[in-house]
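# Sequence first, predicted model second:
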Amino acid sequence: MALLQINFYSGTLHRKVPMQVILPTDVSPGNKSPYKTLYLLHGLTENCMAWTSYTRIERWATERNLAVVMPSGENSFYVDHPFGSSCFGDFGAYIGQELVEMTRKMFRLSTDRVDTFIAGLSMGGFGALRNGLKYYETFGYIACLSGAIHIFEYPFDDPDRNIIGEDACFGDIRAAALTDKNPRVAAEILFEKKRTDPTVSFPKVYIACGTEDYLLKANRQFAQFLQINGVSVTYEEGPGKHDWDFWESSIQRVLEWLPI
């Protein structure tokens, strides 16, 4: 297993961006199978090194022969910021399209939807849900850990909603709530597609949150929303706060849940 630090020019973001990649190095004779891949997103104020810094993800990926791609999402919430109107760029298209295409060209990664997973914590959990649903043809499995989905799940006047200025990532927050920047709207768009086209397959979803986490209510009600609409959802909650102790234990359960 190799841990790679990569910088490349993103046409979507209009600048060079970093990522870390955990890559299997099994070159045994006859082993030409492409690798199953997890796109793993960090939370607010972190970067692409967060997961390898605070968890044993490299060890666990090695044990499973799993490729893990960890991009830097800055503080973007992994949503669209059209170039010219913002210095961020379109992080939605970057995560859901360009990053996947680029890494598949660079490495021997599976192009099958059932082998392509997206997960994240907090802001990254939001990004995994939103982009996993928007780009459902790419991702077969979505895992959201302590997802910062309170942005749209809590009422606009709730003091626990816009705690550190998260709204700034979305422009007009009330207008954004009506678009697919809102994971609930992204899901409803997919429900409608599935109703008119039986070949459309909804990704399988895993959601987990600690019982001492201020985001518990948002994660619980979003999981219920998906379950009511017939989505295959694994929802878990247990002792834990909004911290790396909870996320380290949770990502192990995600790896057990994924079809690796």
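Alright, I've got the coordinates.

# And the helices in the stretch 51-200 of the chain?
Assigned by DSSP state H, counting those that start in this stretch, the stretch 51-200 of the chain shows helices spanning 57-64, 91-93, 99-106, 123-134, 150-153, 173-176, 183-196.

# helices or strands up against the first one?
Taking 3 or more Cβ pairs under 8 Å, 6 or more residues apart in numbering; DSSP states H and E as contact, the helices and strands that helix 57-64 lies on are strand 15-23, strand 67-71, helix 244-257. C-beta: built from backbone N, CA, C; applies to glycine.

# Just the CA coordinates for it, please, in CSV.
The C-alpha trace of helix 57-64 is given here as CSV (Å, rounded to 0.1, in the frame of the first residue of the first chain):
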residue,chain,number,x,y,z
ILE,A,57,-7.6,4.7,7.6
GLU,A,58,-4.3,3.7,5.8
ARG,A,59,-4.0,0.5,7.9
TRP,A,60,-7.7,-0.4,7.4
ALA,A,61,-7.6,0.3,3.6
THR,A,62,-4.5,-1.8,3.4
GLU,A,63,-6.2,-4.7,5.0
ARG,A,64,-9.1,-4.5,2.5
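
# quick one on the thing from earlier: as a markdown table, the helices of the stretch 51-200 of the chain with mean pLDDT and distance to residue 238 would be great.
Formatted as a markdown table, these follow (pLDDT from 0 to 100; distance: least, Cβ to Cβ, whole Å):
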| stretch | mean pLDDT | distance to residue 238 |
| --- | --- | --- |
| helix 57-64 | 96 | 19 |
| helix 91-93 | 94 | 31 |
| helix 99-106 | 98 | 31 |
| helix 123-134 | 98 | 16 |
| helix 150-153 | 93 | 19 |
| helix 173-176 | 91 | 31 |
| helix 183-196 | 96 | 23 |
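
# highest average neighbour count across the helices and strands packed on helix 57-64?
Neighbour counts (mean count of other Cβ atoms under 10 Å) averaged over each of the helices and strands packed on helix 57-64 peak at strand 67-71, with a mean of 26.

# Compute the inter-axis angle for that one and helix 123-134.
If you take axes from the mean of the first three to the mean of the last three Cα atoms, to 10 degrees, strand 67-71 sits at 110 degrees to helix 123-134.

# For strand 67-71, name the packing helices and strands.
Judged by 3+ Cβ pairs under 8 Å, 6+ apart, strand 67-71 is in contact with strand 15-23, strand 37-41, helix 50-54, helix 57-64, helix 99-106.
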